[in-house]
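A.B. asks: How does the following fold in three dimensions:
(chains A and B)
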Amino acid sequence: MNFAATIAKACPGLKLTTEPSVLESHGRDWSDLEGGAPLAVAFPNSGEEVRQLVLAARQTATPLVPSGGRTGLSGGAVSLGGEVVVSFERMRRIGDYDPVDRTVTVEPGAITQSVQQFALEQGLYYPVSFASEGSSHIGGNIATNAGGIRVLRYGLTRDRVAGVKVVTGRGDLLDCNRGLVKNASGYDLRHLFIGSEGTLGLVVEATLRLVDPPPPSRVMLLAVQDMNSVMNVFRRLQSSLALSAFEFLDDRSMFHVRRAYQLPGPLEEDSPWYVITEFDCDGEADEQAALACFESCLERGWVSDGVVSQSERQIAELWRYREGIAESVAPLAPYKNDLSVRISRVPEFLSRLQGLLSEHYPAYDVLRYGHIGDGNIHLNILRPEHVSRQEFKDRCEDISQKCYELTAQLGGSASAEHGIGIIKAPWLGTTRSEAEIEMMRGIKNVFDPDGIMNPGKIFERPG
Amino acid sequence: MKILVGIKRVVDYNVRVRVLPDGSGVDTDGVKMSVNPFDEIALEEALRLREAGKAEEVIVVSAGGDECQQQLRTGLAMGADRAIQVKTDQQLQPLTVANAFLKLVEREGAELVILGKQAIDDDNSQTAPMLAALWGRPQATFASKVVLEDGKASVTREVDAGLETIEVDLPAVISVDLRLNEPRFVKLPDIMKAKRKPLDVVSLDELGVAAAGNLEVSHFEAPKPREKGIMVEDAAQLVAELKNRGLL
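C.D. replies: Numbers count the residues shown, from 1 in each chain, chains lettered A, B, ... in the order given. So this is what the prediction gives:
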């Protein structure tokens, strides 16, 4: 019996479609990876239906690709051809909220922004926040251990997950950690699933920890002369202010975001680097502290100018210069890198990266921005008009190779927060040792002995 | 020409307003306070007029307790030349503020007063018209474009039917609408400079203004939460549900 017949028998109500437009839309993500055509797309309504899907997949040796908001940038949700895509669109319930535990239990298809809004309605806060939060699913956030702009204070998705229910590649339903704060009872399997990109099993429910809403804050946008100064400003501000975000962008990022959204320049004069930082500001003392920081940075020549928000609306307006970058260049199909090193090594990393780029690719328009407070740098490389797509791709992979070699030398990571997916699978070895990768494969074999869970992701397909 | 701009300290418009349990007011404890957004637009317009050479001085004024000095400092940092606080600890009503502003207009010899069309906390929208009436000068309300030429202001107003352009003789009162301009960001160096700009304090008594007592707030209550919707199976049920509720 084939997959469709098997699942129809086991789960007669389950929606499975082979509609070409759905196959097309659900077999891809925000990366421009072509991929292949999936066999079908399934829309389960419950954890039990997901379990039946996995069992049917095992029985018929049909690979599965989990599909959330498909906002990923590494091809983790892209079909390689012939898989059944499991879409969580119908499992978006935001369910039990416990005010004592301060947790909410959600289905994997719940949209990140809906969870944030739900938290606000309870007088609490869900701090994982990034540009695609209006589309991305919690299940996908867990699969990639999503980070974003509030990691500096609140950590990653990993730090918010109090429990997960998963269906493994064997078809077992595991209830990991059950929302416990303390649970010293052996291996914490929950953490294996966080960041596993669907290669071990499928999340069917998550219990998320909410936090106190942040106090009133302000946002500063600063003009900074060079990368070393960015780090100096970071250290200075961190010592006097309660920072909840510290981001940087270069002049090219500013150029593209202003062009795309027709934004006025935030300052009178352009600057090679900008810092956008948000800090708690609950009264005059905090304001004075912020001003004192700025003054001392100005005296030392680290910053040349800066503005500070006077209202919540201006907070949003200033964040636009940072949050709008990725979308502003999306129509130009940039080649993306998402690298991280230890925070202390960021200046060295960036200066060597700069040397590398200007030596090999002086004509390329490169945007550099990211979460400097987390040691995370995004590179977006734009294709010059006179360079063909294929040549551009080849050159960028060449750049990537050099970037990853550099990252490896500095003990960094080839994927800070975008996951490995398909795109970065060839480079896994630049961040993980052979022994580590062997262990990882071993773990995969335990949970997914038949290799049906999102094959070709994280680990390259043999041959 | 001197331009007087009124700014009011209000709960930030992005903050979820909570009514105090006893209904005596709204909770402002630990809540972000900002310049009334329409007043920010008024100040931006005044600054642009000064930068275009149409005015020599922009004075920001606010009435209230010492906490409103924070908003006046913001106004100075945005670029106002000086600030005046009309000091009082009483709950202010539009008539009191209009009377106080009139005294300041006379004292300063201002030829133009630019105000927000309304404050987002009480939504009264009264101060500008009251000031114009007390002053005996023309008013141009809900401005979305302001042009000053030859002692006149040509003002485009946002009205129900669309846009209306009127011309008023100066001195006059203009109240501004949302689309007039985009207020600038406040530069950090300018905040430092603003500390050295003059901020005068004058009490209501010194201005000879008595607090009006013609309005009394009985109580506050939160709007009723919207009821949860229901999913209907088909058109027939939809019609039945609408009929049930007397909506059809």
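A.B. asks: for the residue in chain B that chain A sits nearest to, phi and psi?
C.D. replies: Among all residues of chain B, residue B:14 sits closest to chain A, at 3.1 Å; criterion: Cβ to the nearest Cβ. No exception for glycine: its C-beta is placed from N, CA and C like everyone else's. For residue B:14, the backbone dihedrals (degrees, to the nearest 10) come out as phi -90, psi -10.
A.B. asks: Okay, and residue B:84 sits in which element?
C.D. replies: strand B:82-87 (DSSP states H and E).
A.B. asks: Regarding the residue nearest to the residue of chain B closest to chain A when sequence neighbours are not counted, what are the backbone dihedral angles?
C.D. replies: Closest residue in space to residue B:14, ignoring its immediate chain neighbours: residue A:312 at 3.1 Å, by Cβ to Cβ, 6 or more residues apart in numbering or on different chains. Backbone geometry at residue A:312, expressed as degrees, to the nearest 10, gives phi -60, psi -30.
A.B. asks: Now do the longest strand anywhere in chain B, average pLDDT.
C.D. replies: If each strand of chain B is counted by residues according to DSSP state E, the longest one is strand B:139-149. Mean pLDDT, strand B:139-149: 96.
A.B. asks: And it, what does it pack against?
C.D. replies: helix B:37-51, helix B:127-135, strand B:152-159, strand B:162-169, strand B:172-176 (3 or more Cβ pairs under 8 Å, 6 or more residues apart in numbering or on different chains; DSSP states H and E).
A.B. asks: Beta-bridge partners for the nearest residue to residue A:190 once chain neighbours are set aside, please?
C.D. replies: Nearest in space to residue A:190, with sequence neighbours left out and distances taken as Cβ to Cβ, 6+ apart, is residue A:176 at 3.9 Å. Beta-bridge partners recorded for residue A:176 (DSSP bridges): residue A:164.
A.B. asks: before we move on, the earlier item: would you turn the helices and strands packed on strand B:139-149 into TSV with distance to residue A:446 and mean pLDDT?
C.D. replies: Formatted as TSV, the helices and strands packed on strand B:139-149 follow (distance: least, Cβ to Cβ, whole Å; pLDDT from 0 to 100):
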stretch	distance to residue A:446	mean pLDDT
helix B:37-51	58	97
helix B:127-135	72	97
strand B:152-159	67	94
strand B:162-169	69	95
strand B:172-176	67	97
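A.B. asks: got the ones you listed as CSV, with distance to chain A and mean neighbour count columns?
C.D. replies: Below are the helices and strands packed on strand B:139-149 laid out as CSV (distance: least, Cβ to the nearest Cβ, whole Å; neighbours: other Cβ atoms under 10 Å in any protein chain shown):
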stretch, distance to chain A, mean neighbour count
helix B:37-51, 7, 23
helix B:127-135, 20, 21
strand B:152-159, 19, 18
strand B:162-169, 22, 12
strand B:172-176, 16, 27
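A.B. asks: Same list, those, but as a markdown table with distance to residue B:213 please.
C.D. replies: Putting those into a markdown table (distance: least, Cβ to Cβ, whole Å) gives the following:
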| stretch | distance to residue B:213 |
| --- | --- |
| helix B:37-51 | 25 |
| helix B:127-135 | 15 |
| strand B:152-159 | 32 |
| strand B:162-169 | 32 |
| strand B:172-176 | 24 |
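A.B. asks: Tell me which stretches of the stretch 151-300 of chain A form helices.
C.D. replies: A:151-154, A:190-193, A:227-240, A:251-261, A:284-299 (DSSP state H, counting those that start in this stretch).
A.B. asks: Could you do the stretch 351-463 of chain A as well?
C.D. replies: Going by DSSP H, counting those that start in this stretch, the stretch 351-463 of chain A shows helices at A:389-409, A:428-431, A:434-447.
A.B. asks: who does the shortest one touch, helix- and strand-wise?
C.D. replies: The one in question is helix A:428-431. helix A:389-409.
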